[in-house]
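Student: just to be clear, the model below is a prediction. Sequence and coordinates:
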Amino acid sequence: MSWFVYIAQAPTGKYYTGITTDPSRRIQEHNRDEGAKFAHDQGALRLLYVSPEFSDQSSARLREVQIKGWTREKKEKLIRGEWK
């Protein structure tokens with residue numbers, strides 16, 4: 001099973017980073033209030049970035065934690081394809 005890290009943006013402009021096996025489905029779940037409290041509090045999420053696939057959940061989680069520690073500027077560079 002392939003895993004992905006994704007970055008979504010709320011109407012407030014805040015970013016949400018998570019992992020899933022199906023980014024499109026996960027965004028739909030968030031937007032139906034079946035996901036993180038963040039989406040419920042911030043409003044409907046818009047998918048901005050999906051990573052290359054990871055072969056296991058653990059590897060995807062490590063990357064998620066790394067990205068969550070980044071500055072907003074660095075996340076935006078990743079979203080634009082200017083950072084890896």
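Tutor: It's in.

Student: which residues touch F54?
Tutor: S2, W3, F4, V5, A60, R63 (Cβ atoms under 8 Å, 6 or more residues apart in numbering). The C-beta positions use only the backbone N, C-alpha and C, and glycine is treated the same way.

Student: show the buried residues in those residues.
Tutor: Neighbour counting by 16 or more other Cβ atoms under 10 Å classes W3, F4, V5, A60, R63 among the contacts of F54 as buried.

Student: will you turn those into TSV that also has distance to G13, secondary structure and pLDDT?
Tutor: Below are the buried ones among the contacts of F54 laid out as TSV (distance: Cβ to Cβ, whole Å; DSSP: H, G, I helix; E, B strand; the rest coil; pLDDT from 0 to 100):
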residue	distance to G13	secondary structure	pLDDT
W3	27	strand	98
F4	23	strand	98
V5	20	strand	98
A60	25	helix	98
R63	23	helix	98
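
Student: out of the residues you listed, which is nearest to S24?
Tutor: In terms of Cβ to Cβ, no member of these lies closer to S24 than F4, at 10.2 Å.

Student: of all the residues in stretch 53-65, which ones are buried?
Tutor: For stretch 53-65, burial by neighbour count (16+ other Cβ under 10 Å) applies to F54, A60, R63, E64.

Student: kindly report the same for stretch 10-20.
Tutor: Those would be A10, Y15, Y16, T17, G18, I19, T20, for stretch 10-20 by 16+ other Cβ under 10 Å.

Student: show me what the helix or strand containing L47 is packed up against.
Tutor: Using DSSP states H and E, L47 sits within strand 46-50. The elements that strand 46-50 packs onto, with contact taken as 3 or more Cβ pairs under 8 Å, 6 or more residues apart in numbering; DSSP states H and E, are strand 4-9, helix 23-31, helix 72-80.

Student: much appreciated, bye for now.
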